[in-house]
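# Whatever this is, show me its structure:
(one chain, ligands or ions: 1)
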Amino acid sequence: MSVCQTPIIVALDYPTREAALKLADQLDPKLCRVKVGKELFTSSASGIVETLNAKGFEVFLDLKFHDIPNTTAMAVKAAAEMGVWMVNVHCSGGLRMMAACREVLEQRSGAKPLLIGVTVLTSMEREDLAAIGLDIEPQEQVLRLAALAQKAGMDGLVCSALEAQALKAAHPTLQLVTPGIRPAGSAQDDQRRILTPRQALDAGSDYLVIGRPISQAVDPAQALADVVAQING
Ligand SMILES: O=c1ccn([C@@H]2O[C@H](COP(=O)(O)O)[C@@H](O)[C@H]2O)c(=O)[nH]1
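The predicted structure is shown next:
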């Protein structure tokens, strides 16, 4: 039984363990989960996951692994051994890569983290895809990658909440983890495919990843409480 009663995941995007723990100490594990990404993880190594677990947080390890199948699967295995709640890999690594990750988790006797496939980054729009040779709408590419992820046995996807409705219709069993969440009035920053927390949940998001609107707020705990109030009512 999970301690957390909301779908919120706060991104602990900091250069040091001390800064991340300072924010974590202001947050309530009953109101949010936390996400450890590349910057924090690389600077503080695995100790940060154990420390956050000991504080009662379920941790999403957002390292977006993308490599050959064996290397990626071994990284996913190491993440599972570390005790993370959710781990992700890029769907663009392909069917065999994702299937190898699923297989390594199935062989494991202990707890299995949720295995999530990253589709199209929420910072990208049509022009960004065209620049890398994909002359299609983001949603088309997301749906294409979602079909591969479903085939590989992934538990869910990272996508924009803008694609949630279409994804839930096509793949109702996949859990949707949506960054690019901006409460009304917040700065868009580098995000491009955004929705408010309430809009995202109404569209079908299962988890909302929120970084700067909380981590850069004058009072992060109040900013989190405001988002909780918005989605409740
Ligand atoms: O498509 C993606 C995948 C991951 N992210 C991550 O989510 C947070 C969002 O932070 P904000 O400050 O709320 O923009 C950040 O850690 C990204 O690495 C994403 O934004 N989009």
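# any weak-confidence spans in this protein?
Low-confidence segments of the chain, defined by pLDDT under 70, span residues 1, 37-39, 42-43, 45-46.
# for the residue of it found nearest the ligand, what are its contacts?
Residue nearest to the ligand within the chain (CB to the nearest ligand atom): Gly211, separated by 2.6 Å. C-beta: built from backbone N, CA, C; applies to glycine. Contact analysis of Gly211 by CB atoms under 8 Å, 6 or more residues apart in numbering lists 10-11, 13, 35, 179.
# Can you add distance to the ligand and give these back as JSON lines?
As requested, those are exported to JSON lines (distance: CB to the nearest ligand atom, whole Å):
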{"residue": "Val10", "distance to the ligand": "9"}
{"residue": "Ala11", "distance to the ligand": "4"}
{"residue": "Asp13", "distance to the ligand": "5"}
{"residue": "Lys35", "distance to the ligand": "6"}
{"residue": "Pro179", "distance to the ligand": "3"}
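# Of these, which belong to strands?
Counting by DSSP state E, those place 10-11, 35 in strands.
# Would you list the strands that the top strand by length along the chain pairs with, along with their directions?
The longest strand of the chain (DSSP E) is strand 59-65. Strand 59-65 pairs in its sheet with strand 33-37 (parallel), strand 86-90 (parallel), by DSSP bridges.
# so, in contact with the ligand or not, the last one?
The reference is to strand 86-90. No: on the criterion CB under 6 Å from any ligand atom, strand 86-90 is out of touch with the ligand, staying 8.1 Å away.
# With mean neighbour count added, can I get the strands paired with strand 59-65 in TSV?
Formatted as TSV, the strands paired with strand 59-65 follow (neighbours: other CB atoms under 10 Å):
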stretch	mean neighbour count
strand 33-37	24
strand 86-90	25
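# closest to Asp202 out of those?
Within the strands paired with strand 59-65, the stretch nearest Asp202 is strand 33-37; the backing value is 20.6 Å (CB to CB).
# just to confirm, which helix or strand has the residue most central in space within the chain in it?
The chain has Val177 as the residue nearest its centroid, 5.2 Å off, counting by CA atoms, centre = their mean. Using DSSP states H and E, the element containing Val177 is strand 175-178.
# what packs against that strand?
strand 114-118, strand 156-158, helix 164-170, strand 207-210 (3 or more CB pairs under 8 Å, 6 or more residues apart in numbering; DSSP states H and E).
# do that again at 10 Å, thanks
Judged by 3 or more CB pairs under 10 Å, 6 or more residues apart in numbering; DSSP states H and E, the packing partners of strand 175-178 are strand 86-90, strand 114-118, strand 156-158, helix 164-170, helix 197-203, strand 207-210.
# Moving C-terminal from the last one, which element do we reach first?
Think strand 207-210. Past strand 207-210, the next helix or strand by DSSP H and E is helix 212-215.
# ok, and what's touching that following helix?
8, 10-14, 19-20, 23, 26-27, 32, 181-183, 185-187, 189-191, 197, 220-227 (CB atoms under 10 Å, 6 or more residues apart in numbering).
# Mind checking which of those residues land in helices?
Residues of those located in helices (DSSP state H): 19-20, 23, 197, 220-227.
# Of these, which pair is most distant in space?
Using CB to CB, the two most remote members of these are Ala19 and Pro197, lying 24.3 Å apart.
# Now the strands paired with strand 59-65 in a markdown table, please, with extra columns for distance to Thr173.
Shown next, in a markdown table, are the strands paired with strand 59-65 (distance: least, CB to CB, whole Å):
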| stretch | distance to Thr173 |
| --- | --- |
| strand 33-37 | 21 |
| strand 86-90 | 16 |
